[in-house]
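Undergrad: my questions are about this predicted structure, shown below with the sequence.
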Amino acid sequence: MRCWLAVFLLVAWTGAAYSTEELGYDVDIETITTTGKSSSRLPRNNFHQALHSYQKVAQSWTAALLNWMTVQAAAGGSPSSSLLGAMKESVEAPAVNISGDCLSSLMTLYGFVDIKHPENTPEWLIRFVDAQPKPPSAILEGDITWLGAFHECMNISQYRNSSKPTPASKLLVGQYCLVSVGVEEPGNYSVAKIRVSELLQIPKALRAGVCVPDSCSANDVRGLFEIALAALVTKFPDLGHENLSITDVKCPARLIPMDGPAITVIVILVAFATIVLIASLYDVLTNGFFRHHSDPLERNMDSASNYTPLSDTNTSDTDLDFTKDGGRSVLGRVCISLSAISNTRKLFGCGLAPAVGELRWIHGVRVLSMVWIILGQSYALGLPVFNNLAMLPEAMKGLFAQIIVQSTFAVDTFLFLSGFLVSYRFLGELAAGFDCFRLIRFYLNRYLRLFPVYMIILGVYAALTKYISSGPLWPQDEAMLGNCSSLAWSNAFYINNYIQPEQMCMPWTWYIAVDFQLFAIAPLIVVALYVVWQAGVALCAVGVLAAVVAAGVISKVMGLPPSLVGFGSTDVSAFDQDLTIKYFTSYLITTYCRAAPYFIGILAAFFLRDPAAVRKLGFFAVICGWFVALLSIAVVVFGLVPGFNGYPLSVDAAAAFNSLSHVAWAVALAWIAYSCMTGAVKGVDRVLGWSMWRPLSTISYSVYLISPIIICIYYLSREETIRFSHWNTLVVFGGNLVISFVLGYVVYIFIEAPVRSLVQLLMRRPTARKYSVNDDSKI
């Protein structure tokens, strides 16, 4: 075994040896990089043929290894002496871009290899070889990520004098590098080419995690692999390696110094935590920890919606008196409002009577939609570590897979609820007497309440991600996270879905931008509904029609598929990543294509604002309504099943699906709202209005912001790939779901709820009315 490991070391890290003495090669890197223009090029995006090429790489490595072992056995000598001349030639060759320090370190290692007496091989050298990648089984199923052993490599630190390590006495300090080998195709296209954040990419390149001495840079590793590939092309020309090239080399740093943005974010987090803990201590000292009554301020600052369906955390714009309450000072009231204990009690409704007229069904819809999103993310964000992607089309033939594919429609649910809540509340404001000052506060409250927690989580994502974990796939550079340093301003102004969307910082926040852009025009439409309802209905109808036409025309002109995974096919080769990116940037995240559910939500709230006055339908009409609603949901979710079973949709059919599916989904949600608010089907209202949905619904905005980060921490920290199956992914989903809601609660208590309270305090006008609260989700 030791003999095999020692030989593997020699073969893997001295392409120069292959190219000169032992294998009889004479390789020039410039010649290698300019050849390979034969007619055997692969078809565009042909994943299966790429897998065959990668399998040939593994075969030829094995053949070269056996060849080298045979030569050495016949010679009966030590390998180190036969390789020194070849390495010297490589250092002196001008076409080979490998530093002398790197090759010198490798030669130092070779001096410790003795094939005749493998038992003398030092353990640290065996660990170095053991950390190298090995070709696995099931390459043709897509196992093309060979990560090696990241931590075993990075933990190697061997000096001649371990008590006094110095650069001069260094024998080996391991450095891990991830090398991507891609298949080049016509038009300068590579199946390994990265066009978007690596959090979204589908790996089509052979990736190998190698261990080298720390004196070898990324350029040195690239040069070594180029020599090795050239040697394979020369030695085994029939294997067709001429279209392979090194597409990327990443060598993660062992230690990353703390920079200014990271320190700033940490200071902000510590400041929030300190303030909340001090406020909580004051709360305990004045009210006790296990109190059986609610503070008057608690009762009247009960959480409510901030006009977005992802959050249910803010009070309304009605006025509260913070100046006195049984002798409590203004500072005391602020402390109570910031206390983690008080906010937790309010979150779970402790000591608070149920609100009269609360739209409880919204909480259930919101939580179930958030669960659906996390389910879809658990599948999508696992693509970089799944090792059998070639089997993905087979797994997508079933009905359950379509629930994953269509999880993007959970965003349509949020858009519908957002339009519904804004319309519902604003109509109440207009009925109570609305003025310009209230309109200004209406916008400011929304912006200020969403902005701080959003920006803090964005800061954590952009500045602290590289410090959170480590691993062969863990992102340490901004290119893997999106261009946050240059584009974070677009997130702050909620226009990130239009500014270089393929490099968006926190890509999942496109929904927040779409929602805010629609919120900006919603009050004008609601005013039209209130003043001349026919005009308001016409505006909403125009908005829905414009969204339908825009989605259909864009899909038709650009030839977009009906989903993120393409038109539906039984062949993974049909997945066109460029087309998927166009689908994402030109259709999925654009406001003008996604606005229909929002306008339908506004209309639904207008007609249901007074449930008692809404006409009750007969039993047969209710049954027909539910049949149409469930049929619409079924068509949207499962309508692409034929495409994944050998009958993919045409471009025209995909355009029709993209334009009409959002309308059908929103109309079904409107029927659910009608059924719950009018009591047409009491069972649905009871299920969706379950009391335990409310606290989970309240923290859903924080959960939405952090859940992809939690999922990426799990997937990208791994040192091994995962075999994709629904059961494996569902187990991961269960953990992601629980941890996301737990940490969402932490973010809510320490950031979102305190900000809500402070904004409420700052935005109030003195008034004689005390403790009057008008919840967004209440009549």
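TA: Everything's here; your move.

Undergrad: residue contacts, Thr108?
TA: Contact analysis of Thr108 by Cβ atoms under 8 Å, 6 or more residues apart in numbering lists Leu171, Leu172. From N, CA and C alone the C-beta is placed, and that goes for glycine too.

Undergrad: gap between it and Gly148?
TA: 21 Å (Cβ to Cβ, to the nearest Å).

Undergrad: over to Tyr714?
TA: Distance from Tyr714 to Gly148, by Cβ to Cβ: 20 Å.

Undergrad: same question for Leu448.
TA: Leu448 sits at a distance of 48 Å from Gly148 (criterion: Cβ to Cβ).

Undergrad: same question for Leu392.
TA: 24 Å.

Undergrad: which residues touch Val732?
TA: Ser378, Gly382, Tyr714.

Undergrad: can I have the buried ones of those residues as a ChimeraX selection?
TA: Typed into ChimeraX, the line below selects the buried ones among the contacts of Val732, using 16 or more other Cβ atoms under 10 Å:
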select :378,382,714
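
Undergrad: where's the dip in pLDDT among the contacts of Val732?
TA: Ranked by pLDDT, those bottom out at Gly382, which scores 90.

Undergrad: who's in contact with the residue nearest to that residue when sequence neighbours are not counted?
TA: Computed as Cβ to Cβ, 6 or more residues apart in numbering, the closest residue to Gly382 that is not its neighbour in sequence is Tyr715, at 5.3 Å. Going by Cβ under 8 Å, 6+ apart, Tyr715 touches Leu381, Gly382, Pro384, Val385, Leu473.

Undergrad: got these as a markdown table, with distance to Pro562 and secondary structure columns?
TA: Converted to a markdown table, those look like this (distance: Cβ to Cβ, whole Å; DSSP: H, G, I helix; E, B strand; the rest coil):
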| residue | distance to Pro562 | secondary structure |
| --- | --- | --- |
| Leu381 | 22 | coil |
| Gly382 | 22 | coil |
| Pro384 | 24 | helix |
| Val385 | 27 | helix |
| Leu473 | 30 | coil |
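
Undergrad: and the next helix or strand past the host helix or strand of Ala666?
TA: Using DSSP states H and E, Ala666 maps to helix 651-678. Heading C-terminal from helix 651-678, the first helix or strand you meet, by DSSP H and E, is helix 682-688.

Undergrad: find the nearest non-adjacent residue to Val549, please.
TA: Ser659 (7.2 Å).

Undergrad: buried ones in the helix or strand containing Ser632?
TA: Under the criterion of DSSP H and E, Ser632 resides in helix 619-638. For helix 619-638, a neighbour-count test (16+ other Cβ under 10 Å) marks Val622, Gly625, Trp626, Ala629, Ser632, Ile633, Val635, Val636, Val637 as buried.

Undergrad: list the residues that contact the fifth one.
TA: In this case it means Ser632. Counted by Cβ under 8 Å, 6+ apart, Ser632 has contacts Ala664, Trp665, Val667, Ala668.

Undergrad: counting neighbours, which of those comes out on top?
TA: In terms of neighbours by other Cβ atoms under 10 Å, the contacts of Ser632 top out with Trp665 at 26 neighbours.

Undergrad: tally of neighbours for Ile440?
TA: 11.

Undergrad: how about the one 5 residues further on?
TA: Asn445 sits with 21 neighbouring residues when counted by other Cβ under 10 Å.

Undergrad: got it, and the one 3 residues further on?
TA: Neighbour count of Leu448, defined by other Cβ under 10 Å: 19.

Undergrad: tell me who's in contact with it.
TA: Val755, Val759, Met763 are the contacts of Leu448 under Cβ under 8 Å, 6+ apart.

Undergrad: and what about Val181, helix, strand or coil?
TA: strand (DSSP: H, G, I helix; E, B strand; the rest coil).

Undergrad: same check on Leu178?
TA: Assignment for Leu178 (three-state DSSP): strand.

Undergrad: all helices for the stretch 51-200 of the chain, in order.
TA: 79-92, 100-110, 123-130, 150-154 (DSSP state H, counting those that start in this stretch).

Undergrad: need the least confident one among those, by mean pLDDT.
TA: helix 79-92 (a mean of 44).

Undergrad: could you report the pLDDT at the spatially most central residue of the chain?
TA: In the chain, the residue lying closest to the centroid (Cα atoms, centre = their mean) is Pro708, at 4.4 Å. On pLDDT, Pro708 comes in at 94.

Undergrad: before we move on, which element is it in?
TA: helix 700-716.

Undergrad: now do the buried residues in the helix or strand where Phe414 lies.
TA: Using DSSP H and E, Phe414 sits within helix 409-432. Residues of helix 409-432 classed as buried: 409-430 (neighbour count, 16+ other Cβ under 10 Å).

Undergrad: now swap in stretch 269-283 and tell me
TA: Those would be Leu269, Phe272, Ile275, Val276, Ala279, Ser280, Tyr282, Asp283, for stretch 269-283 by 16+ other Cβ under 10 Å.

Undergrad: how about stretch 390-409?
TA: 390-393, 395-396, 401-409.

Undergrad: again with stretch 643-657
TA: So stretch 643-657, judged by 16+ other Cβ under 10 Å, has buried residues Gly643, Phe644, Pro648, Leu649, Val651, Ala654, Ala655, Ala656, Phe657.

Undergrad: dump it to CSV, restricted to CA.
TA: Output in CSV follows, covering the C-alpha atoms of stretch 643-657 (Å, rounded to 0.1, in the frame of the first residue of the first chain):
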residue,chain,number,x,y,z
GLY,A,643,-41.8,17.4,-20.4
PHE,A,644,-39.7,15.3,-18.0
ASN,A,645,-41.0,12.1,-19.4
GLY,A,646,-40.1,12.5,-23.0
TYR,A,647,-42.5,15.2,-24.2
PRO,A,648,-40.8,18.6,-23.6
LEU,A,649,-42.8,21.8,-24.2
SER,A,650,-42.3,23.8,-27.3
VAL,A,651,-41.2,27.4,-27.1
ASP,A,652,-44.7,28.6,-27.7
ALA,A,653,-46.2,26.4,-25.0
ALA,A,654,-43.5,27.5,-22.6
ALA,A,655,-44.3,31.1,-23.3
ALA,A,656,-48.0,30.5,-22.6
PHE,A,657,-47.1,28.7,-19.4
